[in-house]
Each structure stands twice: as C-alpha cells, then as structure tokens.
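>>> Here is the input, now give the coordinates:
(one chain, ligands or ions: 2)
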Amino acid sequence: MKVLVTDPIADAGIQRLRAAGHDVETAYDIEGEELLDAVKDANGLIVRSGTEVTDEVLDAADDLVIVGRAGIGVDNIDIEAATEHGVIVANAPEGNVRAAAEHTVAMAFATARSIPQAHERLQNGEWAKSDFLGTELNGKTLGIVGLGRVGQEVAKRLGSLGMNLVAFDPYISEERAEQLGAELADDLDACLEEADFITIHTPLTPETENMIGEEELAKLDGGYVVNCARGGIIDEPALAEAVENDQLAGAAIDVFAEEPVDPDNPLLDVEDVIVTPHLGASTSAAQENVATSAADQVMAAFRGEPVMNALNAPSMDESAFPRVRPYIDLAETAGKIAVQLFDDRVEEVDVSYAGDIAEEDLDLVTASALKGVFEPLEWQVNAVNAPRIAEERGIDVVESKSRSSEDFQSLVTVTVKNGDEEVSVCGTQFAGEDPRIVRIDGYRVDAIPHGHMLVARNEDVPGVIGFIGSTLGDHDVNIAAMFNARETIGGEALSVYNLDEAPSEEVLESILEDERIINVSHISLNGTVDADTSDD
Ligand SMILES: NC(=O)c1ccc[n+]([C@@H]2O[C@H](COP(=O)([O-])OP(=O)(O)OC[C@H]3O[C@@H](n4cnc5c(N)ncnc54)[C@H](O)[C@@H]3O)[C@@H](O)[C@H]2O)c1
Ligand SMILES: O=C(O)[C@H](O)COP(=O)(O)O
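Ligands and ions are numbered 1, 2, ... in the order given. From the prediction side, this is the model:
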C-alpha cells in the first residue's frame, strides 16, 4: 500500500509503516495541484495541521482508505467529505496531551513574568531589571475554557501550583470538575468574570469560532489570555487591541487563525503578546507517540480491522475484535445475498443478532451488512459511508439483539424489505471460522457462501433438481456443491448451488422456462449484481 505523508512526522511512524512493507512517500509543504497529484494513487494519507484535506483532495484520491492525523485537531480535514468518499479519518488523541499541557503552563508563566521580552532586551545588551514586575500565578484564578484532555492536564498542573480553578465546559460533568478541584461555571461570561487568567482548550468548531471577542475580553479586565488550542476561537484584532490598550495585562498565543501566521497579523506587533509558532505538540516524545499511533491506525484500516480512533467510522474495543471479526464478513455476505434475492426497491434493512454475538458492540457488523446491501450501487461503498448512504436514501436500518439462538451459538440475519416484500438471509460461523448460510427466507439450508451461487425456488416434485443440474451441465457450468430444502412434501422447495463460474442469462432463462421453477437468481459474491435499491 502507498502512504503519503504531507506534514513532517517522527521517523518512528515512517519506519513502522516501511517495516510492514508499505511504500511511504513524504512530500511536505505541498498544496494545490501538487497535492492533488501526489494523493492520486495513495491508499493512506498522514497529515498534521499543515495540510488542508478538502473535498477536492479527497475527490482526487481514488484509492484512499484512511486519513491519519498525527495529532488531535482535525479542523483541517473535511470529515463530512471524507465520509461521503468512504474514507476513514482517525486522529491520535492521546499522544501529545501532556506536551500541549506543559506548553500551556510554560506560556502562562512566560506571559506573567514577561520572559521573552526580558530575554530579548538582555540579548540586546540592556539590563532592564526595573522594567519587569511580574505577576504570581499562585493564588490567582485560572479560567479553563474546555475541560477535555488537555484542559484537565492543565488543571492538574496549575492547580497544584496554587491557582484556583474555574472551568466552562457544557459537556463535562460536575463530578469530573470537582475531582479536578475546579468550580464549574454556568456560562462563559461567569468564567471570564471570575478569572485572572483564561486558557482555551476547546476544538475549533462552528460553535467555538470567534467565541471570545471584544465583549468577552472586556470581562477579563486586567487579566491574561493563553491560547494553545486553535486560532480562530479568539478574535485576533480584538485581543491585540485589548492588550495594546492595557485592558488586558498580556497574552500568550501558540495558534493562529491563519497558519503560517501572516507577518501583518496584529498580534505580532504588541509588546505584551508573546507568541510561538504552534509548538504545543512539538516535543520528541509527543511526536513519536502521535506518529506511531497514526501509522498503526493506517495499517489497521489496510487490514480491514477497526480503527481505534476513527472519527467517522464505527470503532471497537480491541479486545472484542477477535470475537466479532468473523461476523463482519458474514454480515456483509448475508447482506449481498439478501439484496440479490430481492427483486424490488429496498426501504428497510433489518440486522438481527442472536446468541453469544448479541453480547458484543456490533455497530461495525451492522455497517458491514449495509455495505453488502449497497454494494450493487455505483458509488464506492464501505463500512464508513454505508450508514450515511442508508440515511441519505431514506432507508430505515433496524438493529435487534436476542440472547437465544435456537440451535446455533450465534446467528446474524439480514432482512431487506419494503411494504410488500421481504427476503431474509441468516448466517452463522462454524468452528474455525467456517461461514454458513443456514436459512434463506425461513428455509433451513446449509450453504457455503462463496463465489457464484444459484438459488432456485421450485415445486417439490421429482426430477427438478436433475433438470437444473443437466441444464447447467449442458452449458458447461460445473456444480461444486448443492443443498435442497423444502417446507412440506409436494409443496415449495428451495435449492442452493455453488457454481464454478457465473451462469449466463441464457442458462437462467432456460431454467426459468420450466413451469416447475418459480424463480431463479444468480448470486455473485465477487461484486456486480443488478438489484434495484434506487430511490427513483
Ligand atoms: N497547540 C498545540 O499544538 C495543540 C496540541 C494538542 C491539542 N491542541 C488543541 O487543543 C484543543 C483541546 O484538545 P483536547 O485533546 O483537550 O480536546 P478534547 O476533545 O479532549 O477536549 C475539548 C473540550 O472542549 C469542550 N468544548 C467543546 N465545545 C465547547 C464550547 N463551546 N465551550 C466550552 N467547552 C467546549 C469539550 O466538551 C471538551 O471537553 C484542541 O483544539 C486541539 O486541537 C493543540
Ligand atoms: O491538534 C494538535 O494535535 C496540535 O495542534 C498539534 O498540531 P501539529 O501536529 O500540527 O503540531
């Protein structure tokens, strides 16, 4: 597989991919046509915050399976578009948290004691001792906006250095805040009003964009601002003006609305605003962590395994994966068979689980069943975009679970239906991962789902199986295995054949000409089928 890396990541990540036999191409600082060209044949793309992964980039990347973000923030990746394209997006949310928290603490002290400014003066030969009278963090109140992973680590560090903590985060529990020794503010204004310092730790989202402007900064009267989260959350000209006019004592900024930062950015011009070029995650330990994590996730996606930190695909607990894995393929196969036996428009897909498997987290299995159902559609379908396709096409998806499973340890049943018709296909795994279809529309069968299959419904009278066998033989189609099932003697029967090759239309027509045959379907488990699942 080819992995394109477009932002510098630690060598450990690249080596891990190469050791597994993947072809890694690094192309840093590329954009526009150059990026579109480089991504064309990539199966994996690894980025940091420097690459804009837009709809256009995803459109150009025909073979892309996954975008791995070697870090936390994914505001540079169009996740909606990735989902549309069936591309997994996964980040590395743990590896640089401590680095970001430490940088935040360093920036808070640096602005409170004017360390960069004093350093610069001294380097210029000035002993400006009396110009710098700093502020102690001890005893001051820190307002934490966003008490997630980084925010919590900052709370622990600055809390233990004597700061009082107040936090604003509408999505965090009182209990968690209490454990960290932080008072939870009712809203942003209350947090700002209480704080001497504020530190931002939210993602950049439509909700947080420009969340802190002139009015909010005024509430921090005389305080300090630290932002090591994302540019765009604080209004930059308003912040520059507030510090310049001494409404605020200082600010420490690591991230900017536009990066690399424009030299004309007003924040670069204010003496009491200290800046770093997005260095929060730049420690060797953090970079090694996120690079290897991104590489691992890319390789898991290549192997078709769940991607632990996928942001747009069902993920799964690693320990459950060996138990669930055999049912992922089985559900897809059952979905493929059901839709090929269904001669109508699909309005609902039911996926039901019985027995031991019903104990597991099965989002990924249900998504695979949907993938099987939708595979006949012209666009690329996978477990990432199949649930979205169902939603967009107004197809209801119903998942159900039951502990009892009659004669089998675990059963997966996929039913495709509309108001009038339905077809259900039920499968199990025999010991040693031996998949079987054990029921088709209520008929008990024992069919190996593989390659080309023929499913016929016929009157249960003598000579029908011989007729089908000889018709296939007359057209040089070899039968590898067959199974016959019936409800009552002389009623209707269903037979399933495994064929060595695809039967032609002519064969199917010849079989159907016999009045004892009610219908016959060719099932291909290799890809192309012609079932109608369209809306129009
Ligand atoms: N400077 C760097 O190099 C660097 C390094 C690591 C992380 N980051 C950035 O730091 C930020 C935090 O990362 P994290 O891993 O802690 O993320 P996280 O998802 O663990 O935490 C974010 C928190 O923000 C809260 N939140 C969301 N919307 C909010 C709102 N409107 N108001 C208040 N709180 C809100 C969430 O509930 C969550 O608790 C991200 O933007 C990330 O990209 C920057
Ligand atoms: O979100 C992150 O992980 C940090 O902002 C780090 O970004 P970077 O990988 O571009 O340094």
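>>> List the residues that contact the closest residue to Thr428 other than its chain neighbours.
Leaving aside its chain neighbours, Thr428 sits nearest to Phe408 (4.6 Å; criterion: C-beta to C-beta, 6 or more residues apart in numbering). C-beta here means a position set from N, CA and C on the backbone, and glycine is covered the same way. Taking C-beta atoms under 8 Å, 6 or more residues apart in numbering, we find Phe408 in contact with 354-355, 428, 438.
>>> roughly how far apart are the closest residue in space to Thr205 that isn't next to it in sequence and ligand 1?
Of all residues not flanking Thr205 in the chain, Asp75 sits nearest, at 7.6 Å (C-beta to C-beta, 6+ apart). Per C-beta to the nearest ligand atom, to the nearest Å, Asp75 is found 7 Å from ligand 1.
>>> okay, now the residue of the stretch 251-400 of the chain found nearest ligand 1: neighbour count?
The minimum distance from the stretch 251-400 of the chain to ligand 1, using C-beta to the nearest ligand atom, falls at Gly280 (2.5 Å). Residues near Gly280, counting by other C-beta atoms under 10 Å, number 26.
>>> Which residues are in contact with it?
With contact taken as C-beta under 8 Å, 6+ apart, Gly280 is in contact with 96, 99-100, 103-104, 228, 254-255.
>>> how about the residue nearest to Thr205, secondary structure?
Of the three states, Asp75 takes coil according to DSSP: H, G, I helix; E, B strand; the rest coil.
>>> How confident was the prediction at it?
Asp75 is assigned a predicted lDDT (pLDDT) of 95.
>>> for the stretch 1-150 of the chain, what spans make up the helices?
For the stretch 1-150 of the chain, the helices defined by DSSP state H, counting those that start in this stretch cover 11-19, 32-39, 55-60, 79-84, 97-112, 115-123, 149-160.
>>> among these, which is the most enclosed?
helix 97-112 (a mean of 22; mean count of other C-beta atoms under 10 Å).
>>> That one close to ligand 2?
No. Applying C-beta under 6 Å from any ligand atom, one finds helix 97-112 separated from ligand 2 by no less than 6.6 Å.
>>> could you say what helices and strands that helix packs with?
Applying 3 or more C-beta pairs under 8 Å, 6 or more residues apart in numbering; DSSP states H and E, one finds that helix 97-112 makes contact with helix 149-160, strand 197-200, strand 224-227, strand 250-253, strand 273-275, helix 284-302.
>>> Can I get these in JSON lines including distance to ligand 2 and mean pLDDT?
Formatted as JSON lines, these follow (distance: least, C-beta to the nearest ligand atom, whole Å; pLDDT from 0 to 100):
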{"stretch": "helix 149-160", "distance to ligand 2": "9", "mean pLDDT": "97"}
{"stretch": "strand 197-200", "distance to ligand 2": "12", "mean pLDDT": "98"}
{"stretch": "strand 224-227", "distance to ligand 2": "11", "mean pLDDT": "98"}
{"stretch": "strand 250-253", "distance to ligand 2": "13", "mean pLDDT": "98"}
{"stretch": "strand 273-275", "distance to ligand 2": "15", "mean pLDDT": "98"}
{"stretch": "helix 284-302", "distance to ligand 2": "7", "mean pLDDT": "97"}
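>>> Could you export the ones you listed as CSV, including distance to Val423?
Formatted as CSV, those follow (distance: least, C-beta to C-beta, whole Å):
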stretch, distance to Val423
helix 149-160, 47
strand 197-200, 54
strand 224-227, 57
strand 250-253, 60
strand 273-275, 63
helix 284-302, 32
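>>> Could you point out which of those sits nearest Ala82?
Taking C-beta to C-beta, helix 284-302 is the member of the helices and strands packed on helix 97-112 nearest to Ala82, at 12.1 Å.
>>> How about residues contacting that closest one?
In contact with helix 284-302 (C-beta under 8 Å, 6+ apart) are residues 1, 3, 9-14, 16-17, 20, 22, 43-44, 46, 65-66, 68-71, 88, 90, 92, 94-96, 98-100, 281, 306-310.
>>> angle of that helix against helix 11-19?
30 degrees (axes from the mean of the first three to the mean of the last three C-alpha atoms, to 10 degrees).
>>> Mind listing what's buried along helix 284-302?
286-302 (16 or more other C-beta atoms under 10 Å).
>>> If you compare the directions of the helix or strand just after it and helix 284-302, what angle comes out?
Counting by DSSP states H and E, the element after helix 284-302 in chain order, helix or strand, is helix 321-341. Interaxial angle, helix 321-341 versus helix 284-302 (the same axes, to 10 degrees): 40 degrees.
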